[in-house]
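Asker: Sequence and computational prediction follow.
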Amino acid sequence: MPGSAPPDYVVVGHIAKDVRPAYPTSRRSEIGPQVGPELDVGPGGYTLGGTVTYAGLTARRLGLTVGILTSAGPDLDVASALPGIEAVVVPAPATTTFENLYDAGHRRQYLRAVAAPILPEHVPAAWRDAPIVHFGPLAQEFGPEILDAFPGSRLRGLTPQGWLRRWDADGLVRRVEPPLLAGALARLDAVILSEEDVGGDWHTLQRYAAATQILVVTQGARGATLCKRGSCAAYPAFPAVEVDPTGAGDVFAAAFLIRLSQTGDPGEATIFANCAASFAVEGPGTSTLPSLGQVLARLATRK
């Protein structure tokens, strides 16, 4: 059961199992390092994914106490999978599961299972005053109503990827723009998403920037663009040897929200987040998530 004091950082969203595609060794260079057996964490051949995994572990590495509100099936022991993180798990028949299939360099993503909805009543009473709350939907598991479940939080951020996807009867995932997003933007302190989440459509991103206080658009090796009340500025990435970019956006988001809460400076928070994300891409999965000391040391090299 959660304690009487809230964690420093709460993340809300489904934890995910990402099915490891069984490609032959000859094709591994085509689809990336995520197919290596060293990333298996279960007998079914999967890796842990989802914002709660990457953002939660990042916040922990940066020295914060962390709580996650998620849903999973009996096939996943969340507490063992995320040591050092307080987890409230809504029971479900199965854990949210994604599968990525590659053909001639193109990816098709399938949603193979979906855990239970996360509702406002699932939020522990003590967590309603958590200083930082990060909403990270993966598969429409909650709507904007959950924003009201944290009335005492000082900083509320959203990575809306899970609100920007739908899937058909076969599980094939497609990108959409849901009506629910427009009504939620003005109620948040910061929104962080990738350029790819909207298919590179900057007209859509400009609308989002006009509707929210702070919008940050991550752009991979090019860094990130920070929009504050509609005025945008680019921040370059830190040099890194990319091994696996999976989860880098969630690492960025966690680092950004944490630094923003500490300094109140969105520009400084963007630089800090770019630096943290540069570590995340340098190894498979969560293996190279940085400590605070590592981030500060790399930041010092740019000054």
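Answerer: Alright, I've got the coordinates.
Asker: rest of the way, CA atoms for contacts and neighbours
Answerer: Noted.
Asker: what's the strand or helix carrying residue 297 in contact with?
Answerer: Applying DSSP states H and E as the criterion places residue 297 in helix 292-300. Residues from elsewhere that reach helix 292-300 (Cα atoms under 8 Å, 6 or more residues apart in numbering): 61, 62, 63, 272, 275, 276.
Asker: again, only this time at 10 Å
Answerer: 58-63, 238, 255, 271-279, 289-290 (Cα atoms under 10 Å, 6 or more residues apart in numbering).
Asker: now residue 238: how far from residue 250?
Answerer: 16 Å (Cα to Cα, to the nearest Å).
Asker: likewise residue 13?
Answerer: Distance of residue 13 to residue 250, given as Cα to Cα: 12 Å.
Asker: what's the overlap in contacts for those two?
Answerer: Common neighbours of residue 13 and residue 250 (Cα under 10 Å, 6+ apart) are 50, 51, 52, 53, 136.
Asker: And the pLDDT at the last one?
Answerer: Per-residue confidence (pLDDT) for residue 136: 97.
Asker: what do you get for residue 177?
Answerer: pLDDT, residue 177: 71.
Asker: What residue, apart from its backbone neighbours, is nearest it spatially?
Answerer: Excluding its sequence neighbours, the residue lying closest to residue 177 (Cα to Cα, 6 or more residues apart in numbering) is residue 164, at 5.4 Å.
Asker: Also residue 241?
Answerer: Nearest one to residue 241, counting by Cα to Cα, 6+ apart, is residue 282 at 5.7 Å.
Asker: what's the answer for residue 47, then?
Answerer: Nearest one to residue 47, counting by Cα to Cα, 6+ apart, is residue 18 at 5.2 Å.
Asker: Neighbour count: residue 238 and residue 250, which is higher?
Answerer: residue 250 (26 against 21; other Cα atoms under 10 Å).
Asker: Just say helix, strand or coil for that one.
Answerer: helix (DSSP: H, G, I helix; E, B strand; the rest coil).
Asker: list the contacts for it?
Answerer: Residue 250 touches 50-56, 58, 136, 159, 192-194, 256, 273, 277, 280, counting by Cα under 10 Å, 6+ apart.
Asker: Can you tell me which of the residues you listed end up in strands?
Answerer: 192, 193, 194 (DSSP state E).
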